[in-house]
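Colleague: Would you be able to build a 3D model of this:
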Amino acid sequence: MPEGPAPVDWQGGELDCGACTYSARRETGQCGLGWACVHDRYAKRIERFFVLNPELADECLGMPYFETRMNAARVANVFRLPVLLKDPDAGVRAMAILRLPRAQAKRHIKDPDRRMRIAVTHRLETPDLLPMLSDSDSYVRSIAARRAEPGMLPVAIPDEDPEIRRIVARRIGEDWLDRFRNDDDPLVRREAAERRPALFVDDPDMRVRHCVADTGDAETVSALLDDEDEFIRETAQARLAQLQEANHVHR
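Modeller: The predicted structure follows:
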């Protein structure tokens, strides 16, 4: 059944099924105007064409419309993909990188287009991720921070993006967490506090102190029983009671 915008070719012209090389496939339901068509401008209909006709992908890798080349690359023979690494469209290059062996990714870490570097960061071997932690694009850096070995993450502690610092605080070795005590973002400090509560017992932000009250050991939590905030005091009391009960059960 037709869906989406009116079917036109990639340049906005009228589609002519009679002139199409693959017109015979209409009879078998493998393509159809407004539904599944390799010449359509609408990406979903192109994608559906290759789902129904994956064996045609190899011969469509050189078609003029980038959406057609990109969708063909999803299912084409992997040995046909290296040529696409020089494609003028970054989306096509990225699709090739995502399917080619990981060794190819290392050669493209400085690609000028962020879409390509995002794909590269997903494909790199873990030891090769260090340069991506300093990429100019924050989304590239966030992927790298999630995939990198914890030992690589100290270089990302001063990252300008607080979301990346939060990822780092969740994954870095515990010995580095004291570096976050003076972080400008309380949500970053809260991430670190979840792992080493005692470091943040005097934090000026109640969200961080609440995390300490809710996760700290008995000595740490006791320091918050007289906190200026009633909710934190109550949380500390509840946590301390929980710890005492657990200690009693294990005796």
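Colleague: Tell me who's in contact with the residue nearest the centre of the chain.
Modeller: Taking Cα atoms, centre = their mean as the criterion, residue 143 is the residue nearest the geometric centre of the chain, at 5.2 Å. By Cβ atoms under 8 Å, 6 or more residues apart in numbering, the contact set of residue 143 is 118, 121-122, 132. No exception for glycine: its C-beta is placed from N, CA and C like everyone else's.
Colleague: Figure out how far stretch 114-121 is from the centre of its chain.
Modeller: Between the centre of stretch 114-121 and the centre of its chain there are 11 Å (Cα atoms, centre = their mean, to the nearest Å).
Colleague: Then stretch 201-214?
Modeller: Worked out by Cα atoms, centre = their mean, stretch 201-214 lies 30 Å from the chain centre.
Colleague: And for stretch 197-211?
Modeller: Stretch 197-211 sits 29 Å away from the centroid of its parent chain (Cα atoms, centre = their mean).
Colleague: Helix, strand, or coil at residue 88?
Modeller: Look at residue 88: counting by DSSP: H, G, I helix; E, B strand; the rest coil, its state is coil.
Colleague: what's the nearest residue to it once chain neighbours are set aside in contact with, if anything?
Modeller: The shortest distance from residue 88 to any non-neighbouring residue, by Cβ to Cβ, 6 or more residues apart in numbering, is to residue 66 (7.9 Å). Each residue near residue 66 by Cβ under 8 Å, 6+ apart is listed here: 87-89, 91-92.
Colleague: thinking again about what came up before, closest one to residue 202 out of the contacts of residue 143, please.
Modeller: Nearest to residue 202 among the contacts of residue 143 is residue 132, at 35.6 Å by Cβ to Cβ.
Colleague: if I pick that closest one, what's in contact with it?
Modeller: Going by Cβ under 8 Å, 6+ apart, residue 132 touches 109, 117, 120-121, 124, 140-141, 143-144.
Colleague: Against residue 158, how distant is it?
Modeller: Distance, residue 132 to residue 158, by Cβ to Cβ, to the nearest Å: 16 Å.
Colleague: The nearest residue to residue 23 once chain neighbours are set aside: how many residues sit nearby?
Modeller: The shortest distance from residue 23 to any non-neighbouring residue, by Cβ to Cβ, 6+ apart, is to residue 17 (5.3 Å). By other Cβ atoms under 10 Å, 15 other residues sit near residue 17.
Colleague: now swap in residue 178 and tell me
Modeller: Neighbour tally, residue 178, other Cβ under 10 Å: 12.
Colleague: Helix, strand or coil: sort out the nearest residue to it once chain neighbours are set aside for me.
Modeller: Leaving out its chain neighbours, the residue that sits closest to residue 178 by Cβ to Cβ, 6+ apart is residue 199, at 5.7 Å. Secondary structure for residue 199, judged by three-state DSSP, is helix.
Colleague: so who does residue 199 touch?
Modeller: 177-178, 181, 192-193.
Colleague: and these, which are buried?
Modeller: The neighbour-count criterion (16 or more other Cβ atoms under 10 Å) marks 177, 192-193 among these as buried.
Colleague: For those, give me TSV that also has pLDDT, secondary structure and distance to residue 4.
Modeller: Below are those laid out as TSV (pLDDT from 0 to 100; DSSP: H, G, I helix; E, B strand; the rest coil; distance: Cβ to Cβ, whole Å):
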residue	pLDDT	secondary structure	distance to residue 4
177	98	helix	50
192	98	helix	47
193	98	helix	48
